[in-house]
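Undergrad: Here is my input; please provide its structure:
(2 chains)
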There are 2 protein chains.
Amino acid sequence: MITLSVDAMGGDIGLAVTAPAAANFLQRRPDAKLIMVGDQAQIQTALQQANAPMARISIIHASEVVGMDEAPQYALKNKKDSSMRVAIQQVKEGNAQAAVSAGNTGALMATARFVLKTLPHIDRPAIAKFLPAENDQLTLMLDLGANVDSTPEQLHQFAIMGNELYRALYPSHNAPKIGLLNIGTEDIKGTETVKQAFQLLQQSPVNFIGNIEANQIYSDKVDIVIADGFVGNIVLKTIEGTAGFMGGIIKQEFQRNLYTKFSAFTALPVLQSFKRRLDPRRYNGAIFLGLRGIVVKSHGGTDATGFAFALEEAYQEAQADSLAKIEQGISKKLAAA
Amino acid sequence: MITLSVDAMGGDIGLAVTAPAAANFLQRRPDAKLIMVGDQAQIQTALQQANAPMARISIIHASEVVGMDEAPQYALKNKKDSSMRVAIQQVKEGNAQAAVSAGNTGALMATARFVLKTLPHIDRPAIAKFLPAENDQLTLMLDLGANVDSTPEQLHQFAIMGNELYRALYPSHNAPKIGLLNIGTEDIKGTETVKQAFQLLQQSPVNFIGNIEANQIYSDKVDIVIADGFVGNIVLKTIEGTAGFMGGIIKQEFQRNLYTKFSAFTALPVLQSFKRRLDPRRYNGAIFLGLRGIVVKSHGGTDATGFAFALEEAYQEAQADSLAKIEQGISKKLAAA
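TA: Numbering: from 1, shown residues only, chains lettered A, B, ... in the order given. Take a look at the predicted model:
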């Protein structure tokens, strides 16, 4: 049995998303249980409306909700009974193997660090995400914005954590290919920080393939892309913006006149299949790495389908025993360094 | 009359691209002349094959070519008679108003800096480029990789140069909206450098709209996006990679079976129009800003159509008298700071 704790009130929408997602997830995963945290009465009603299997759900009441624009430090100090915090506490206390929230990223990270603490040998947690790549592969990228101005040592720590997570989730990929995001492939390229991280990674017991340029993140040459959170977050948002821009232009062109509208009709199965393959909901679920517990952050604006994917991400991490494997990997590969 | 000097031998392909591009450009611009620099005999032959209007072309012989992978400092020291360098010298000597090359970016920048020198009050030149944006607008982005680890003052200089270039090329946009690329819109976000640049830009006599996230670079909320060259280059390559990845998936889906192939046939005009609108050749021509002369860098692997767009970019900058306007803008807005 895998038990996940869920911040039932978090996100732009809250229960209208988390409750049906919980129902959907539990149907697909008969060996899972959920702890739904938040307003007890509201959760009860929402779960019943969603026809959720109540036998595998427990509810823990929490009287507060962290606002989406609330300053992390404010939430940390003043909302000790928030659904977000109580959900994370379930992991700390061993009641759940992983926590999932669609709440405010900054507050979630600050709360998770405060409640769970970071792993030994890790300075700062990072945010990681699997992105779609060529040949139906996935690329793991980190950090996506937990830190700015990371040191070379921190970038090295991100690489070790990413390496262990990847191996835990995909045991057949025993030595994932790790690339350092840079503006050229030569080792003399980049910022001072990136150049020093290159040296550290070359000496590290991982499969370091060297610098990788941003047009190669979709390539199967690389499995894990390492970047500072400032750069990683900008890459993620550039992908989001570019996909939206291109999608908008396709739509415009198909709506141009009667003939193009007809061709859109005949191309509908293709367009739907295209949309489905790149559907950001399928890749929902950012992973907080470096904490003494598994925390998954769902996109704040996602719907029930997207939130269910974030639950699935947390389930798979718990199932793969990723936390223990990351901890072991760190103590083997990083403590020695 | 506008005269451009062309590194006829530069790029992955060289004359087989630059000669037909020259012919095409001169046909479209009857008030333009070209100085083609490189191997005299080869240029002569290539231009004749391309049916170029020889009356508006002069050829200057240069005995060397800078290799695409050659180290900038090596090219600078050892290839004093390269087609690239002699083309830039034409600008220095006043024989041409702008130089265009598809050669090695690093060598071109090093040579341009050495020959032309930087403008007063400018620490380092930057590379700028117009990108397609929503509602058929363009977004100017800089720096795209001339510098890494830029200081706040340098980012401010990029903003002033971008501002003056934009106003010179689009006089109807008298106060282009300048955004600072960051990982959030609040002014407390980002690296130390970006936070300090924010302060400088707020005090600067430009239309600074604040921080902008990377998913907004296509929005008409912003006309000019300012970033360090490390980040800017990674954004550009992320766009390239994402467009290629999405294009590849569309292609795969249309080739899936007989029905999808039929729908691709009916959708052909739409797909062609989509492709044409985002054709990178139409946006070819990166602008070196901050030098005492106009230099435009073409993508090394482009074809004659793409290279003609780079020539057109240089033509428009020269036509708009952008260099004098940038110099005036700098001395007014930056010297006072």
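Undergrad: Could you use CA atoms for every contact and neighbour count after this?
TA: Noted.
Undergrad: Okay, helices next: where are they in chain A?
TA: Residue ranges of the helices in chain A, as given by DSSP state H, are A:15-28, A:40-49, A:72-78, A:83-92, A:105-116, A:152-169, A:192-202, A:229-254, A:258-266, A:268-277, A:304-319, A:322-333.
Undergrad: Can you name the residues in contact with the fifth one?
TA: Think helix A:105-116. Residues from elsewhere that reach helix A:105-116 (Cα atoms under 8 Å, 6 or more residues apart in numbering or on different chains): A:66, A:70-73, A:75-76, A:84-85, A:88-89, A:92, A:101, A:125, A:146, A:288, A:291-293, A:295, A:297.
Undergrad: now chain A, which segments are flagged as low pLDDT?
TA: Along chain A, the model assigns pLDDT under 70 to residues A:336-337.
Undergrad: how is it carved up into domains?
TA: Per the record, chain A has its domains at A:1-120+A:290-336, A:123-282, by the TED database.
Undergrad: can you list the ones you listed in a markdown table and add mean neighbour count?
TA: Converted to a markdown table, the domains of chain A look like this (neighbours: other Cα atoms under 10 Å in any protein chain shown):
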| stretch | mean neighbour count |
| --- | --- |
| domain A:1-120+A:290-336 | 21 |
| domain A:123-282 | 20 |
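Undergrad: can you list the ones you listed in TSV and add distance to residue B:121?
TA: Shown next, in TSV, are the domains of chain A (distance: least, Cα to Cα, whole Å):
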stretch	distance to residue B:121
domain A:1-120+A:290-336	39
domain A:123-282	24
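Undergrad: What parts of the stretch 201-337 of chain A come near chain B?
TA: A:213-218, A:230-231, A:233-235, A:237-243, A:245-246, A:249-250, A:253-254, A:260, A:263-264, A:266-267, A:269-271, A:273-274 (Cα under 8 Å from any Cα of the partner chain).
Undergrad: residues touching residue A:245, list them.
TA: Residue A:245 neighbours (Cα under 8 Å, 6+ apart): B:133-134, B:218.
Undergrad: can we see that at 7 Å?
TA: residue B:218 (Cα atoms under 7 Å, 6 or more residues apart in numbering or on different chains).
Undergrad: For it, give its distance to residue A:139.
TA: 22 Å (Cα to Cα, to the nearest Å).
Undergrad: do residue A:60 as well
TA: 36 Å.
Undergrad: so residue A:58 makes contact with residue A:37?
TA: No. Counting by Cα atoms under 7 Å, residue A:58 stays clear of residue A:37, with 8.6 Å between them.
Undergrad: Need phi/psi at residue A:207.
TA: Here is the backbone geometry of residue A:207 (degrees, to the nearest 10): phi -90, psi 70.
Undergrad: Just the CA trace of stretch A:7-21, in CSV.
TA: Taking Å, rounded to 0.1, in the frame of the first residue of the first chain, the C-alpha atoms of stretch A:7-21 are listed here in CSV:
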residue,chain,number,x,y,z
ASP,A,7,-3.3,19.4,0.1
ALA,A,8,-6.9,19.3,-0.9
MET,A,9,-7.4,23.1,-0.8
GLY,A,10,-4.3,24.2,-2.7
GLY,A,11,-4.1,25.6,-6.2
ASP,A,12,-6.1,28.2,-8.1
ILE,A,13,-9.3,26.0,-8.0
GLY,A,14,-8.9,23.7,-4.9
LEU,A,15,-11.4,21.0,-4.1
ALA,A,16,-13.2,21.1,-7.4
VAL,A,17,-10.0,19.8,-8.9
THR,A,18,-8.4,17.8,-6.1
ALA,A,19,-11.5,15.7,-5.2
PRO,A,20,-12.3,14.4,-8.7
ALA,A,21,-8.5,13.8,-9.3
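Undergrad: got the contact list for that stretch?
TA: Outside stretch A:7-21, the residues touching it (Cα under 7 Å, 6+ apart) are A:36-38, A:43, A:46-47, A:50, A:65, A:68, A:83-84, A:87, A:100-103, A:300-301, A:303-305, A:307-308.
Undergrad: From residue B:58, how far out is residue A:320?
TA: 69 Å.
Undergrad: brain fart, residue A:299
TA: From residue A:299 over to residue B:58 (counting by Cα to Cα), the distance is 59 Å.
Undergrad: what's the answer for residue A:254, then?
TA: Counting by Cα to Cα - residue A:254 and residue B:58 are separated by 47 Å.
Undergrad: can you check residue A:248 too?
TA: 45 Å.
Undergrad: Let me know the distance separating the spatially most central residue of chain A from chain B.
TA: Residue closest to the mean C-alpha point of chain A, counted by Cα atoms, centre = their mean, is residue A:286 at 0.9 Å. Distance of residue A:286 to chain B, given as Cα to the nearest Cα, to the nearest Å: 16 Å.
Undergrad: One more: residue A:177?
TA: Residue A:177 is 19 Å from chain B, by Cα to the nearest Cα.
Undergrad: Tell me if I'm right that that residue and residue A:210 touch.
TA: No. Taking Cα under 7 Å as the definition, residue A:177 is not a contact partner of residue A:210, at 9.3 Å.
Undergrad: for residue A:59, what are its contacts?
TA: Contacts of residue A:59 (Cα under 7 Å, 6+ apart): A:35-37, A:40.
Undergrad: 6 Å instead, please
TA: The contact partners of residue A:59, by Cα atoms under 6 Å, 6 or more residues apart in numbering or on different chains, come to A:35-37.
Undergrad: just residue A:118 next, same as before
TA: A:290-292.
Undergrad: try it again with 8 Å
TA: A:124-125, A:290-292.
Undergrad: what about it, distance to residue A:126?
TA: 10 Å.
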